[in-house]
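Undergrad: no sequence for this one, just the structure:
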């Protein structure tokens, strides 16, 4: 009896590593390679889902728990080193504040989409969520282009860049997931996958409130 082991965990771990390094160092030249690898990963992942009917909700919540620990560690560093430096990446009442409205608005629209999942016009709410998410991505890119501090200036700035970059990567993954649901249609994607993407997007939205508080306000 031969047991087949999927290559996706190792492949996705390598992809995430490349993505995080490029985001932390802001190496935009690696983005086309990342998009290509992400497309390959989604293709094989969706092929597995179409042929395997197992649902792993417990694994998803373990993933969320690991994310909470990672963000908690980085936010603790931001809070700890904040006493040594008083120059944040951006003014808390400018670009980051607008980002709060974008993500909170997207949280409302994705909730509406989840409640009317199989309504024929539910794609409108999903499209609006994607639009707000893309606007946040563009806003974040604009902010990082305007920041005058560097990653290596202080420990606080290093922690801040890592926290914002990690959250930015999660927003990108969430937008890709939402676009995939929109492309396939909620009926074909099914309740389970749509629910996981919705939960993940809520997690990204709520984490931003902590990022905004610890990185920009405190």
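TA: Good, I have the coordinates. Quantities reported herein were computed from a predicted structural model and do not represent experimental measurements.
Undergrad: give me the contact list for the strand or helix carrying residue 38.
TA: Using DSSP states H and E, residue 38 falls within helix 31-51. Residues outside helix 31-51 that contact it (C-beta atoms under 8 Å, 6 or more residues apart in numbering): 6, 8, 11-12, 15, 18-19, 22, 176, 180, 193. Backbone N, C-alpha and C define where each C-beta goes, glycine included.
Undergrad: buried subset of those?
TA: 12, 15, 19, 22, 176, 193 (16 or more other C-beta atoms under 10 Å).
Undergrad: show me these that map onto helices.
TA: The members of the buried ones among the contacts of helix 31-51 that map onto helices under DSSP state H are 12, 15, 19, 22, 176, 193.
Undergrad: is it possible to get a markdown table of those residues that adds distance to residue 157 and pLDDT?
TA: What follows is these, written out as a markdown table (distance: C-beta to C-beta, whole Å; pLDDT from 0 to 100):
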| residue | distance to residue 157 | pLDDT |
| --- | --- | --- |
| 12 | 29 | 73 |
| 15 | 27 | 75 |
| 19 | 21 | 75 |
| 22 | 18 | 74 |
| 176 | 29 | 88 |
| 193 | 38 | 80 |
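Undergrad: what residues does whichever strand or helix holds residue 131 touch?
TA: Using DSSP H and E, residue 131 falls within helix 122-146. For helix 122-146, the external contacting residues (C-beta under 8 Å, 6+ apart) are 26, 89-90, 95-96, 98-99, 102-103, 105-106, 109-110, 112-113, 116, 164, 168, 171-172, 174-175, 178-179, 181-182, 185-186, 201.
Undergrad: isn't residue 74 right next to residue 159, touching?
TA: Yes. Residue 74 is within contact range of residue 159, at 6.0 Å (criterion: C-beta atoms under 8 Å).
Undergrad: which residue is nearest the middle of the chain?
TA: Here the mean C-alpha position of the chain is nearest to the C-alpha of residue 170 (C-alpha atoms, centre = their mean), at a distance of 1.6 Å.
Undergrad: right, and it touches residue 204 too?
TA: Yes. Counting by C-beta under 8 Å, residue 170 does reach residue 204; the two are 5.0 Å apart.
Undergrad: sorry, back to before: max pairwise distance over the contacts of helix 31-51: which two?
TA: Spatial extent of the contacts of helix 31-51 (C-beta to C-beta) is set by the pair 22 and 193 at 27.3 Å.
Undergrad: nearest residue to residue 191 in space, please, no chain neighbours.
TA: Closest residue to residue 191 apart from its sequence neighbours, by C-beta to C-beta, 6 or more residues apart in numbering: residue 117 at 6.4 Å.
Undergrad: ok, now residue 105?
TA: Per C-beta to C-beta, 6+ apart, closest to residue 105 is residue 132, 5.4 Å.
Undergrad: now do residue 160
TA: Per C-beta to C-beta, 6+ apart, closest to residue 160 is residue 215, 4.8 Å.
Undergrad: I figured that neighbour hits residue 81, correct?
TA: No. Between residue 215 and residue 81 there is no contact under C-beta under 8 Å: 11.0 Å.
Undergrad: okay, the two: which has more neighbours?
TA: residue 215 (27 against 16; other C-beta atoms under 10 Å).
Undergrad: residue 79 versus the more buried one, what's the distance?
TA: Going from residue 215 to residue 79 by C-beta to C-beta, to the nearest Å gives 9 Å.
Undergrad: do residue 206 as well
TA: Following C-beta to C-beta, the distance that separates residue 206 from residue 79 is 18 Å.
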